[in-house]
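>>> below is the sequence, then the predicted model.
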Amino acid sequence: MTKVKICGLMKEENVKAAVDSGADAIGFVFAKSKREVSIETAHQLAKQIPQQIMKIGVFVDAPVEIILKAYREVPLDLVQLHGHETNEEIKKVGVPTIKACSVKNEEDIERALSYDSDYLLLDAPGIQFAGGSGQTFDWRLLNHPNLKNRKVILAGGLNPTNVEHAIEIAQPYMVDVSSGVENNGQKDNILITNFIDTVKRSVL
């Protein structure tokens, strides 16, 4: 069954909704974004998250010291690198990583495959910030044969209406949503629940 990550959470009520609805992972954004939180805020929110649910921190070209400080103090299970990080920089982080890559075509898939990370997150190109654009890309690109050996997280423009179709086409390890469960720029608990329920009903 495809796993679900709810990203960009900033409030206790939204974390509770995600946890109660069966989310497999919750993401905190530590990069410049309207969803950015401090390490202290993420630490407080993480207290509500059971151990079996992954806590993921999102960073964009952040210094290793900042990444590791958040990893220890929240604490996090994974760090998501959404910038121009190289394999050498990924190795320096020294903890489980997700490398996020923007995808427009098959060349972008080949580039993503070159990263030595534990997971690959494939996203539509960002507009104002890295990722989080609310746009989709051609999900058929995830049928690349070499992706079958990688844990792929699908992001970009997913919402309760289209996520089941996206899973049918792309068959990802996990789906990742942020703006797709928001109403007027704020997380909506009903949309969070609907998104998770829809994913959990999908059978690969």
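Cool, the structure landed.
>>> tell me which stretches of the protein form helices.
12-21, 39-46, 64-73, 87-93, 106-113, 163-170, 189-201 (DSSP state H).
>>> among those helices, which is nearest His144?
The minimum distance between His144 and the helices of the chain falls on helix 106-113, with 4.8 Å, by C-beta to C-beta. Just so you know, the C-beta spots here come from the backbone N, C-alpha and C atoms, and that holds for glycine as well.
>>> just to revisit the earlier point, figure out which of the helices of the chain is closest to Pro145.
Relative to Pro145, the nearest member of the helices of the chain by C-beta to C-beta is helix 106-113, separated by 10.4 Å.
>>> buried ones in that closest one?
For helix 106-113, the neighbour count (16 or more other C-beta atoms under 10 Å) marks 108-109, 112 as buried.
>>> save those residues as CSV, and put in pLDDT and distance to Ile98 too.
As requested, the buried residues of helix 106-113 are arranged in CSV below (pLDDT from 0 to 100; distance: C-beta to C-beta, whole Å):
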residue, pLDDT, distance to Ile98
Asp108, 94, 16
Ile109, 95, 16
Ala112, 96, 11
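>>> quick one on the thing from earlier: can I get the helices of the chain in TSV with distance to Ile56?
Written out in TSV, the entries for these read as follows (distance: least, C-beta to C-beta, whole Å):
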stretch	distance to Ile56
helix 12-21	12
helix 39-46	10
helix 64-73	10
helix 87-93	13
helix 106-113	18
helix 163-170	18
helix 189-201	16
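>>> Ser179: which of these is closest?
Across the helices of the chain, the minimum distance to Ser179, taken as C-beta to C-beta, is reached by helix 189-201, at 10.2 Å.
>>> just to revisit the earlier point, of all the helices of the chain, which lies closest to Ile53?
Within the helices of the chain, the stretch nearest Ile53 is helix 12-21; the backing value is 6.4 Å (C-beta to C-beta).
>>> and for that closest one, what's in contact with it?
Helix 12-21 is contacted from outside by 6, 9, 26, 44-45, 48-50, 53, 187, 189, 192-193, 196-197, using C-beta atoms under 8 Å, 6 or more residues apart in numbering.
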